[in-house]
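Undergrad: Sharing a model prediction with you, sequence too.
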Amino acid sequence: MTAAVALERAVREDGPGVLAASSGMSSASRRARRMASAARSGRPSEALGLLALMLLTEARRPARTDAAGASVGLADQDRTRWDAAVIAEGTDLIDRAVRLRRPGHYQLQAAIAALHARAPSFEDTDWPQIAALYAELHRRTPTPVVAVNRAVAVGFADGPAAGLALLDAVVGERGLAAYVPLHAARADLLRRAGDHLAADAAYAAAIAATQNAPQRADLERRRAAAARGWSPTG
């Protein structure tokens, strides 16, 4: 089956299945329709990359919330709840795409997702490789979203100071004052760097910026956990 046909079939099916399992996949499904067309226009590697990204994202969905519906971050997810069969399918697709030697935006995102999915634990994640992939993705697509994700990856690969240096380069960009992931990432990097007061202020900024109740609860939990790890009097 060609990637274009696979994509078209995935977004056409209304019954249960990987792509239909979550309403959150609707935007990805719209992208899939466009990528199916792109595949027929001579870009099958990107169509494979998008399908791999969709599968790898969906495979981790069951672990993203707890029994109460609260958001669970990647570091705290129960990886036994990830769908190993779907991960295997997604990683096989991105491996096939890479062999076509026509790298693109979706392939880079899928390669990053595959590295996360293949890691047996958060601590065993190949952060240097993920940081390198984000650097290439940022070179091709220099958006604030990519910049923040790159800074987080660099923060794990090379230390929080290196990640903060990258964030500082974009923190003043127009339109980012209310960008919650930026403040949340900065808070975590500052916490790991030992600047607890600045970290608390960054958590407060993230909480003030969000309109999403589960996200707010997660940020408040993280802020409280960070506060328990230090005291102003030392």
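TA: Nice, thanks for sending it over.
Undergrad: Where in the protein is the helix or strand with the lowest mean pLDDT?
TA: The helix or strand with the lowest mean pLDDT-type score in the chain, counting by mean pLDDT, DSSP states H and E, is helix 3-12 (a mean of 38).
Undergrad: Name the nearest residue to A135, sequence neighbours excluded.
TA: Among residues not flanking A135 along the chain, R150 sits closest, at 6.3 Å (C-beta to C-beta, 6 or more residues apart in numbering). Just so you know, the C-beta spots here come from the backbone N, C-alpha and C atoms, and that holds for glycine as well.
Undergrad: right, and the helix or strand after the helix or strand hosting the one you found?
TA: Secondary structure assigned from DSSP states H and E places R150 in helix 144-158. Remark: after helix 144-158, the chain's next helix or strand is helix 160-168, criterion DSSP H and E.
Undergrad: Show me the contact partners of that following helix.
TA: Under the criterion C-beta atoms under 8 Å, 6 or more residues apart in numbering, residues 147-148, 150-156, 182, 185-186, 189-190, 192-193 lie in contact with helix 160-168.
Undergrad: show me where pLDDT drops low in this structure?
TA: 1-43, 230-234 (pLDDT under 70).
Undergrad: Which residue ranges of it form helices?
TA: Ranges of helices within the chain are 3-12, 26-40, 44-59, 84-99, 105-118, 127-140, 144-158, 160-168, 180-193, 196-209, 213-228, based on DSSP state H.
Undergrad: Output these as CSV; include the columns mean neighbour count and distance to D76.
TA: What follows is the helices of the chain, written out as CSV (neighbours: other C-beta atoms under 10 Å; distance: least, C-beta to C-beta, whole Å):
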stretch, mean neighbour count, distance to D76
helix 3-12, 19, 30
helix 26-40, 17, 24
helix 44-59, 26, 17
helix 84-99, 18, 19
helix 105-118, 22, 14
helix 127-140, 17, 17
helix 144-158, 21, 15
helix 160-168, 19, 19
helix 180-193, 22, 13
helix 196-209, 18, 17
helix 213-228, 15, 10
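Undergrad: would you list the ones you listed in CSV and tack on distance to A70?
TA: CSV is the format used below for these (distance: least, C-beta to C-beta, whole Å):
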stretch, distance to A70
helix 3-12, 29
helix 26-40, 23
helix 44-59, 19
helix 84-99, 23
helix 105-118, 21
helix 127-140, 26
helix 144-158, 21
helix 160-168, 26
helix 180-193, 15
helix 196-209, 15
helix 213-228, 6
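Undergrad: Nearest to Q77 among those would be which one?
TA: Ranking the helices of the chain by proximity to Q77 (C-beta to C-beta) places helix 105-118 first, at 10.0 Å.
Undergrad: hey, C-alpha coordinates of the closest one in PDB?
TA: The C-alpha coordinates for helix 105-118 follow below in PDB (Å, rounded to 0.1, in the frame of the first residue of the first chain):
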ATOM      1  CA  HIS A 105       9.400  18.900   8.400                       C
ATOM      2  CA  TYR A 106       7.200  16.000   9.200                       C
ATOM      3  CA  GLN A 107      10.000  13.400   9.100                       C
ATOM      4  CA  LEU A 108      12.000  15.400  11.600                       C
ATOM      5  CA  GLN A 109       9.100  15.600  14.000                       C
ATOM      6  CA  ALA A 110       8.400  11.900  13.600                       C
ATOM      7  CA  ALA A 111      12.100  11.100  14.200                       C
ATOM      8  CA  ILE A 112      11.900  13.000  17.400                       C
ATOM      9  CA  ALA A 113       8.700  11.200  18.400                       C
ATOM     10  CA  ALA A 114      10.300   7.900  17.600                       C
ATOM     11  CA  LEU A 115      13.300   8.600  19.800                       C
ATOM     12  CA  HIS A 116      10.900   9.400  22.700                       C
ATOM     13  CA  ALA A 117       8.900   6.200  22.000                       C
ATOM     14  CA  ARG A 118      12.000   4.000  21.800                       C
END
